[in-house]
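> Sequence and predicted structure are below.
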Amino acid sequence: MAPQVVAPSSSFDWKKLAFDLYSTAGYVKYVWKPETGWGNAEWVEQPYINLHVGSVAIQYGGSVFEGLKAFRQEDGQVKIFRPQENASRLNLSAEALSMPELPEEKFLEAVHTVVARNLDLVPPFAPYGGAGSLYIRPTMIASGAELALVAPQEFVFFVYVTPLGSLYGSAGGKAPAVDSIIVEEYDRAAPKGTGTIKAGGNYGPVLKYQAAAKKAGYPITLHLDSKTRTCIDEFSTSNFMAIKKASSPDATPTLVYPKSESILKSVTAKSLMDIARSLGWNVEHRPIPFQEVIDGGLEEVLACGTAAAITPIRSITYQDANGQQQKVSIGDGQNAGPHTLKLLEMLTGIQAGNKEDPSAWLWPA
Ligand code: COI
């Protein structure tokens, strides 16, 4: 039987789609208890949850989440990008925060249920998107109450969605380059800490630095490694990636991706490295000293992640040893470079279904 095709809602103003939360048909929820393990799906129409004031989620940060996207294809069908990857990363996060394992089939069932019930909120087909997807937020919380510092007796896994516009302004295959700044006053994640997982607690402390940076004209903030503050870790919202300065115009491009024990294991970064290899490019996964940026060793820089998609970076501002702000221009200091645009075309083309999907990354909703 052909999958159901439900057209995008005609009452939604798709032209105004922003990076925001919109109301939906509801979300799906599962409760875990020691006696029963994970229970059955429960459909919840209102976007609220009832929690004990002493829940470990509220008091001790027991909250992990995922972000993935569903895309409308040209024939109206909806496909989800690499949900199995998010299922496995959620379990890494859950394990780190003493939460129960969630079977992959439960994760996929939940994602399928919530997308299928919100199909009219998947934005219209966008051949080379960036903007225009249904964002899916699987979340696991330690819902049980405990005063002691112990894992509780109840957990909730829920998945909600929202139609999503662009985080940093990319749309329709165009990706404006943005200015970034290094957060100097705060270290995002300690080595051997929670940096590799998607814990809510990795994001909360960054809000004030992000807001201040945005006010000063830098839409995106970058973090160096906490131990030595010499190597690049990642942006507050997304992973860091770069194209190495070529030795000659016809040299094979080299994609560089930071090796660090405190950055999120990004599904988008993993996909882009696979795309780069499929294009015959070199891929270097290694620590990236910030000095390499200062010395002009990277000719293109981009932020990548589910929400950020591919966001070209045109400058990085940092504080030098004398406490003076210095700005390093990337490429021409204005626009996305050709390799960034190639990666964008390939990734968004696969997601929209108009480029070959050799590794079956798209999953039917
Ligand atoms: C995502 O890319 O899915 C995220 O969770 C990033 C978020 C901080 C906006």
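Alright, I've got the coordinates. Residues are numbered from 1 along each chain as shown.

> C-alpha from now on. contacts and neighbour counts both.
Noted.

> which non-adjacent residue is nearest the residue in the stretch 1-150 of the chain that the ligand sits nearest to?
The stretch 1-150 of the chain approaches the ligand most closely through residue 67 (3.6 Å), counting by Cα to the nearest ligand atom. Leaving aside its chain neighbours, residue 67 sits nearest to residue 137 (4.9 Å; criterion: Cα to Cα, 6 or more residues apart in numbering).

> how many neighbours does the one you found have?
By the measure other Cα atoms under 10 Å, the count of residues near residue 137 is 18.

> ok, so what distance separates it from residue 163?
11 Å (Cα to Cα, to the nearest Å).

> Run a quick check on the residue of the stretch 1-150 of the chain closest to the ligand versus residue 135, I expect a contact.
Yes: if you go by Cα atoms under 8 Å, residue 67 and residue 135 touch, sitting 6.9 Å apart.

> So for those two, which residue has more residues nearby?
The neighbour comparison of residue 67 against residue 135 (other Cα under 10 Å) goes to residue 135, with 25 against 19.

> helices or strands up against the strand or helix carrying that one?
Residue 135 belongs to strand 133-141 when assigned by DSSP states H and E. With contacts taken as 3 or more Cα pairs under 8 Å, 6 or more residues apart in numbering; DSSP states H and E, strand 133-141 sits against strand 63-65, strand 68-72, helix 104-116, strand 155-164.

> Which among the ones you listed is found nearest to residue 189?
Within the helices and strands packed on strand 133-141, the stretch nearest residue 189 is strand 63-65; the backing value is 15.2 Å (Cα to Cα).

> Give me the average confidence score over that closest one.
Averaging pLDDT along strand 63-65 gives 98.

> Tell me the spacing between the closest residue to residue 281 other than its chain neighbours and the ligand.
Spatially, and ignoring its direct neighbours in sequence, residue 281 is nearest to residue 253 (5.2 Å; Cα to Cα, 6+ apart). Using Cα to the nearest ligand atom, to the nearest Å, one gets 26 Å for the distance from residue 253 to the ligand.

> same question, residue 359
Counting by Cα to the nearest ligand atom - residue 359 and the ligand are separated by 21 Å.

> heads up, I number from 17, so please use that
Done: numbering now begins at 17, and the last item shifts to residue 375.

> where do the helices sit along the stretch 17-166 of the chain?
For the stretch 17-166 of the chain, the helices defined by DSSP state H, counting those that start in this stretch cover 72-76, 99-112, 120-132.

> can you put the ones you listed in JSON lines and add distance to the ligand, mean neighbour count and mean pLDDT?
What follows is the helices of the stretch 17-166 of the chain, written out as JSON lines (distance: least, Cα to the nearest ligand atom, whole Å; neighbours: other Cα atoms under 10 Å; pLDDT from 0 to 100):
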{"stretch": "helix 72-76", "distance to the ligand": "18", "mean neighbour count": "20", "mean pLDDT": "98"}
{"stretch": "helix 99-112", "distance to the ligand": "10", "mean neighbour count": "20", "mean pLDDT": "98"}
{"stretch": "helix 120-132", "distance to the ligand": "14", "mean neighbour count": "19", "mean pLDDT": "98"}
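
> Could you point out which of these sits nearest residue 22?
Comparing the helices of the stretch 17-166 of the chain by Cα to Cα, helix 120-132 comes nearest, at 9.2 Å.
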